[in-house]
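Asker: Fold the following and give me the result.
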Amino acid sequence: MVLEMKVPSPGESITEVEIATWLVEDGDYVEKDQPIAEVDSDKATLELPAEESGIITLKAEEGDAVAVGAVVCHIDMSAARPDGAGAPKTEAPKTEEKKEAPKAEPAKETYATGTASPAAKKVLAEKGMSADDIKGTGKDGRVTKEDAVNAVPSMGTPGTGSRSSERKKLSMLRRKVAQRLVSVKNETAMLTTFNEVNMQPIFDLRNEYKDEFKAKHGVGLGFMSFFTLAVVRALKMYPDVNSMIDGDYKVSHDFQDISIAVSGPKGLMVPVIRNAENLTFRGVESEVKRLALRARDGQITVDEMTGGTFTITNGGVFGSMLSTPIINPPQSGILGMHNIVNRPMAVNGEVVIQPIMYVALSYDHRIIDGRESVGFLVAVKEALENPVELLMDNTPKKALEM
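Answerer: Numbering: from 1, shown residues only. Below is the predicted model:
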């Protein structure tokens, strides 16, 4: 009995996928639920598991775009399982006796070696080159006119390593991301406003509670929970930043679904923390860890990346000092985190070294005015610089135990 395996629907509104990689070869015996291919949609890369055990026959090539529901392979379920015999032994190739290569006679060098003839000097002068850059082919190594004519000026020292190039088609996910990023630049009135945050209060809290937090909850107390809860608070204060444009309408939300940009093996993934306004520090850290692991292992689903009302991206983990993040459509705002650097700051009239992070808010000026954008970023800054009062209700121990 032969089973026709069809492309399952990866998610709502997706009608086509691309065969990124076959993980098996034509004629292989596959086990049920064994991953046999990686398929790209315009939102994610997913594994395609075998529906039954048997001998597989591939019906699509890598790089083919296939419709959802199309047959991509056959599995012969009546085929016998291989006996597992090892591969035939191959004899080691016999080592050939090394024959001594004839010794090359050293080139004879004289006072003329490397010297350019008068005609060669003229050609080299026109090219702005020196005779020292050329190996002469004339008698005793003299640089001839022909050598000078054939010489090509180099930009710096000629390379001695590999100079190969590779042409590879972008995955469907990467092509879709590129298309969306270009459309954001072309279709929105995107501006970016900046501010700086003194991270010392958060450093102090983490140093005091991180060991107890990890022992109690099984996750680390990172920066993302502070930033997520600071963003939730600011979105409630400035709801326009939590809105989006739909044609001639503004769509406002009474919930905060926060998209978190995560670097995955197939590129940038943006899973969503649903109803972040209902989460505690433990809840945010647990959800961030869960989504990051699923993205890293290629198990993230389209549903987990769909939606979101605002995005946070952290270029600081890669060492970025400052950037202008691009809005994640159809959202209207994105917050960029950056690296933390000790900088001199004026504190109570004195210069003090403090851990400072630059933050950036990119926003769609069609729906968010300057007052809202600047006020939002200031609200985030205030919450991060005074987390005990504004994020923990003056009870940090209780807030971190929940």
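Asker: Please make it C-alpha for all contacts and neighbour counts, starting now.
Answerer: OK.
Asker: For the stretch 151-300 of the chain, which segments count as strands?
Answerer: Along the stretch 151-300 of the chain, counting by DSSP state E, counting those that start in this stretch, strands occupy 190-198, 244-246, 249-251, 258-260, 262-264, 267-269, 272-273.
Asker: Return the most buried member of the ones you listed.
Answerer: Most buried of the strands of the stretch 151-300 of the chain, by mean neighbour count (mean count of other C-alpha atoms under 10 Å): strand 258-260, with a mean of 26.
Asker: And the contacts of that one?
Answerer: 228, 270-276, 288, 305, 308-313 (C-alpha atoms under 8 Å, 6 or more residues apart in numbering).
Asker: returning to that earlier point: the strands of the stretch 151-300 of the chain: which one's closest to residue 175?
Answerer: Closest approach to residue 175 among the strands of the stretch 151-300 of the chain is made by strand 267-269 (11.0 Å; C-alpha to C-alpha).
Asker: May I have the strands that pair with the closest one, each with its orientation?
Answerer: strand 262-264 (antiparallel) (DSSP bridges).
Asker: picking up where we left off before, ChimeraX command for the buried members of the contacts of strand 258-260?
Answerer: A single ChimeraX command selects the buried members of these (16 or more other C-alpha atoms under 10 Å):
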select :228,270,271,272,273,274,276,288,305,308,309,310,311,312,313
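Asker: which two from the contacts of strand 258-260 end up farthest apart in space?
Answerer: Among the contacts of strand 258-260, 275 and 313 lie farthest apart (C-alpha to C-alpha), at 18.0 Å.
Asker: how about the helices of the stretch 1-150 of the chain, start to end?
Answerer: Using DSSP state H, counting those that start in this stretch, the helices of the stretch 1-150 of the chain run over 118-127, 145-150.
Asker: right, so the ones you listed: which one is the most enclosed?
Answerer: Buried most deeply of those, by mean count of other C-alpha under 10 Å, is helix 145-150, with a mean of 17.
Asker: Figure out how far stretch 362-369 is from the centre of its chain.
Answerer: The chain centroid and the centroid of stretch 362-369 are separated by 26 Å under C-alpha atoms, centre = their mean, to the nearest Å.
Asker: what about that stretch, how long is it end to end?
Answerer: Counting by C-alpha to C-alpha, to the nearest Å, you get 12 Å between the two ends of stretch 362-369.
Asker: Just the pLDDT for residue 68.
Answerer: Looking at residue 68, its pLDDT is 88.
Asker: My error: substitute residue 41 in the last question.
Answerer: With respect to pLDDT, residue 41 scores 79.
Asker: OK, contacts around it?
Answerer: When contacts are counted by C-alpha under 8 Å, 6+ apart, residue 41 touches 10, 14, 16-18, 172-173.
Asker: same question, residue 217
Answerer: residue 282.
Asker: same thing with residue 309?
Answerer: Going by C-alpha under 8 Å, 6+ apart, residue 309 touches 242-244, 253, 256-259, 331-332.
Asker: now do 10 Å
Answerer: Applying C-alpha atoms under 10 Å, 6 or more residues apart in numbering, we find residue 309 in contact with 235, 241-244, 252-253, 255-259, 272, 274, 328-334.
Asker: mind listing which of these are in helices?
Answerer: Those of the contacts of residue 309 mapping onto helices are residue 235, per DSSP state H.
Asker: Are any of the contacts of residue 309 buried, and if so which?
Answerer: Burial by neighbour count, judged by 16+ other C-alpha under 10 Å, picks out 235, 241-244, 253, 255-259, 272, 274, 328-334 from these.
Asker: on that earlier part again, worst average pLDDT in the helices of the stretch 1-150 of the chain?
Answerer: Sorting the helices of the stretch 1-150 of the chain by mean pLDDT places helix 118-127 lowest, at a mean of 76.
Asker: quick one: buried residues of the longest helix seen in the chain?
Answerer: Ranked by residue count and defined by DSSP H, the top helix of the chain is helix 200-217. Using 16+ other C-alpha under 10 Å as the test for burial, helix 200-217 gives 200, 202, 206, 210, 212-213, 217.
Asker: Closest one to residue 127 out of the residues you listed, please.
Answerer: residue 200 (60.3 Å).
Asker: Point out where the stretch 201-350 of the chain drops to low pLDDT.
Answerer: 265-266 (pLDDT under 70).
Asker: change it to 80
Answerer: By pLDDT under 80, the low-scoring segments of the stretch 201-350 of the chain are 263-268, 296-299.
Asker: Starting from the strand ranked longest in the chain, tell me the next helix or strand along the chain.
Answerer: Longest strand of the chain, by residue count under DSSP state E: strand 350-364. Counting by DSSP states H and E, the element after strand 350-364 in chain order, helix or strand, is helix 370-385.
Asker: Quick one: mean pLDDT for that next one?
Answerer: Helix 370-385 shows a mean pLDDT of 97.
Asker: could you dump it to CSV, C-alpha only?
Answerer: What follows is helix 370-385, C-alpha atoms only, in CSV (Å, rounded to 0.1, in the frame of the first residue of the first chain):
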residue,chain,number,x,y,z
GLY,A,370,5.6,63.3,18.6
ARG,A,371,4.0,63.9,22.0
GLU,A,372,2.9,60.2,22.3
SER,A,373,6.2,58.8,21.0
VAL,A,374,8.4,60.9,23.3
GLY,A,375,6.1,60.4,26.2
PHE,A,376,6.0,56.7,25.7
LEU,A,377,9.8,56.4,25.7
VAL,A,378,10.1,58.6,28.7
ALA,A,379,7.6,56.4,30.5
VAL,A,380,9.7,53.3,29.7
LYS,A,381,12.8,55.1,31.0
GLU,A,382,11.1,56.1,34.2
ALA,A,383,9.9,52.6,34.9
LEU,A,384,13.3,51.1,34.3
GLU,A,385,15.1,53.7,36.4
